[in-house]
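> got a predicted structure plus its sequence, pasted below:
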Amino acid sequence: MARRCPQVIKCGKRCGRKHIRTTNKRIQKDSPLTASRGKVPPVDYLDIMIDYRQNGKVRFSILDYIKQILEELPHAMYGTAKTPTANHLFNVNYDAKKLPEDKAQLFHHVRAKLLFLCRRT
């Protein structure tokens, strides 16, 4: 028996319901398990799709999370750039106006999601 993520447990033919119940009782305090037999559908865990459908292989995908981030961006942010940074990236403009509260919240929300994305890939 292998525990592949906190939500999925996969057993072979010899793994019985009693064994699953015993294991679930031991670790249920941390995170309850879902037992299934046969093909396991893809699991969404922390916005990472975990796919066990190929025998002996696991596929991790975060493309849906990237699409979700891009859909949340306002159209004013769409565009292209020759380089990901500008020459004035580390220059501080002390006379700059603060962003309105709603735009500031959006900026921090998207930045946090992008940092999460960078950490997970």
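Thanks, I have it. This structure is a prediction, so every number in the text was calculated from the model and none was measured.

> going forward, measure contacts between C-alpha atoms and count neighbours the same way
Noted.

> Met49 contacts Phe60, doesn't it?
Yes: using Cα atoms under 8 Å, Met49 is in contact with Phe60, at 5.6 Å.

> higher neighbour count, those two?
Neighbours per residue (other Cα atoms under 10 Å) separate Met49 from Phe60, with Met49 holding more: 17 against 14.

> could you find the closest non-adjacent residue to that one?
Leaving aside its chain neighbours, Met49 sits nearest to Ser61 (5.0 Å; criterion: Cα to Cα, 6 or more residues apart in numbering).

> quick check, pLDDT for that neighbour.
What the model reports as pLDDT for Ser61 is 86.

> go on, the one 3 residues further on?
The predicted local confidence for Asp64 comes out at a pLDDT of 87.

> before we move on, what about Cys118?
As predicted, Cys118 sits at a pLDDT of 86.

> pull the distance from the helix or strand containing it to the chain's centre.
Here Cys118 is covered by helix 101-120, with elements defined by DSSP states H and E. Computed by Cα atoms, centre = their mean, to the nearest Å, the chain-centroid distance of helix 101-120 equals 14 Å.

> all good on my end, thank you.
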